[in-house]
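Asker: 3D, please:
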Amino acid sequence: MKTILDKAAIIKLKKEGFSSRKIEKLTGISRNTINKIWKNYQDDLNSITAKDVKSNIHELTDRIVKGSSYDSSNRGPRKYNFEIETALRKILDDEEKKTQRLGKNHKQKLTEKQIYELIVSQGFDIGKTTICNRIKEIRDEIKETFIKQDYEYCDRFEYDFGEVKLFIAGECIKGYLAVMTSPASHFRWAYLYTNMKMEVFIDSHARFFELVGGSFKEGVYDNCRCVVSKFIGRNMKELNPELIKLSLYYDYQINVTNCFSGNEKGSVESAVKWIRNKVFASKYEFESFEEAENYLQNRLIEINKNSDIEEEKKYLKPYRPMYESSTITENRVDKYAFIRVDGNWYSVPDSLSEKKVLVKSYPNKIEVYYKGKKVASHSRLIGKEKTCIDIRHYLHTLEKKPGALKNSLALKSNPELKKLFDTYYKDKPKTFIDLLRKNKELSTDEIIRNLTPKNQQMQIQERVDEKAESQINELMKLFTGGQRVYH
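Answerer: Presented below is the predicted three-dimensional model:
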């Protein structure tokens, strides 16, 4: 911009007869600018002398006494792009979270210079001034006005993930709530998982649609990796193929919100916080992950007692069988009869050592198949380098090596079974193994009950009593001529 003093000097020199080239040498202002200022000045003077000047006299006067300027309203930073905006907003979001945790007046805030250095360290070529100006713009953004929406039954569902900290068997873990809502019926649902992988994303949809007995016209998501595989420019997005398959199966349209616009799925955004607070604020310690999940589902029944989901079910799209959500892999069994899945170890029958098996990984369990037959099933472990072992998988080997039972990991992995062995069968490992084989189709709790000597004696006595009663009835038939005997 040229100030009014620059403009006045140029006009004065032109009136004195100086050429534009001479004025350029004297002032350092380009000839094009000098010519433009002089021409505009003469045009404005001519306009003032016109007969119909009254209607625009204020505008003309303002133009004459105002310094020259350039229209930069449509000009923006040339290097600043969507990727830099995303990185910058991520840093500023992290700063807000830090402030929430450390307090409003904490002294560990990043300076604008430090934020700029973080942006550059991520490989972006951008100027410091551009970043600093954009930081001010983001922090000074005017509060957005929202338009209240009114949805009909079956119009849409909304999806989001939320984190929750829990103590499971004394260990602090991070759980993930897959939350789905129906804005029309005010129905809120969630399921607890140990990660946010694609199989969890698919499984939560399948469970939700199975629960409500149908699907919706539209599903609304944010820009998480399970939804968007890749950004193409600022507005174009490549959707995850697995999500597309899911939407085709359940016959609904995919709607992805704009970046940084959680308000576009406000129902589920608020539901994540609301469910987390209502369910896990007062109770967050559990003996097992399954107990925590059962607690969540029981609380959701109470939370949704005033929703209109039963009415909305009448309008949903037709029910479809539950979508298969497992990840299928081929694993080789090691010499200890273990397979490794996501960093953890799971036992399989010892007859499969060194063989290849098919593994179906679900969010909360894994199933192992050999030649089309299911040979093992385990609850999914939380964490890494952990072991899930079933002693029944090693009965064939233990029969040959009963001495190995006492210090085996298979026995020690179940403290109650180990206590039972040490109390009653320490000197009779073959008997213990034989009883395990006879009861192997039962659950672990049932096996422990059946292997307790007191219970065994009761079962033997019951069998003896039944046999004696049968024999008595047979004898009575001989004396009564085959007539039925009543007690």
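
Asker: so where is the protein shaky, pLDDT-wise?
Answerer: 1-5, 48-78, 141-150, 232-235, 258-269, 454-487 (pLDDT under 70).

Asker: quick one, domains of it?
Answerer: The record's domain split for the chain, according to automatic domain parsing, is 4-65, 82-139, 157-315, 326-388.

Asker: Would you convert those into CSV that also reports mean neighbour count?
Answerer: For the C-beta atoms, the positions are set from N, CA and C on the backbone; glycine is no exception. Putting the domains of the chain into CSV (neighbours: other Cβ atoms under 10 Å) gives the following:
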stretch, mean neighbour count
domain 4-65, 13
domain 82-139, 13
domain 157-315, 17
domain 326-388, 16
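
Asker: and these as JSON lines, adding distance to Leu442?
Answerer: Shown next, in JSON lines, are the domains of the chain (distance: least, Cβ to Cβ, whole Å):
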{"stretch": "domain 4-65", "distance to Leu442": "94"}
{"stretch": "domain 82-139", "distance to Leu442": "49"}
{"stretch": "domain 157-315", "distance to Leu442": "19"}
{"stretch": "domain 326-388", "distance to Leu442": "15"}
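
Asker: Quick one: closest of these to Ala410.
Answerer: domain 326-388 (7.3 Å; Cβ to Cβ).

Asker: Can you give me the distance of Ala376 to Lys360?
Answerer: Ala376 is 11 Å from Lys360, where distance means Cβ to Cβ, to the nearest Å.

Asker: Quick check: neighbours shared by the two?
Answerer: Glu367, Val368 (Cβ atoms under 8 Å, 6 or more residues apart in numbering).

Asker: Where do the strands of the stretch 151-300 of the chain begin and end?
Answerer: Applying DSSP state E, counting those that start in this stretch to the stretch 151-300 of the chain gives strands spanning 157-168, 171-182, 187-193, 218-221, 228-232, 236-239, 253-256, 285-286.

Asker: Of all those strands, which one comes closest to Asn344?
Answerer: Across those (criterion: Cβ to Cβ), the nearest stretch is strand 171-182, sitting at 14.0 Å.

Asker: Quick check: can you name the pairing partners of that closest one and their directions?
Answerer: In the sheet, strand 171-182 lines up against strand 157-168 (antiparallel), strand 187-193 (antiparallel) (DSSP bridges).

Asker: Now render those strands as CSV, adding distance to Thr423.
Answerer: Converted to CSV, the strands paired with strand 171-182 look like this (distance: least, Cβ to Cβ, whole Å):
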stretch, distance to Thr423
strand 157-168, 29
strand 187-193, 37
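
Asker: which one of the ones you listed lies closest to Gln42?
Answerer: Once the strands paired with strand 171-182 are compared by Cβ to Cβ, strand 157-168 is nearest, at 63.2 Å.

Asker: Run through who's touching stretch 244-251.
Answerer: Where contact means Cβ under 8 Å, 6+ apart, the residues beyond stretch 244-251 that reach it are Ile202, His205, Phe209, Ser215, Gly219, Gln253, Ile254, Lys317, Arg320, Tyr323.

Asker: part of a helix, is Asp445?
Answerer: Yes. When classified by DSSP: H, G, I helix; E, B strand; the rest coil, Asp445 is found to be part of a helix.

Asker: Thank you kindly, that will do.
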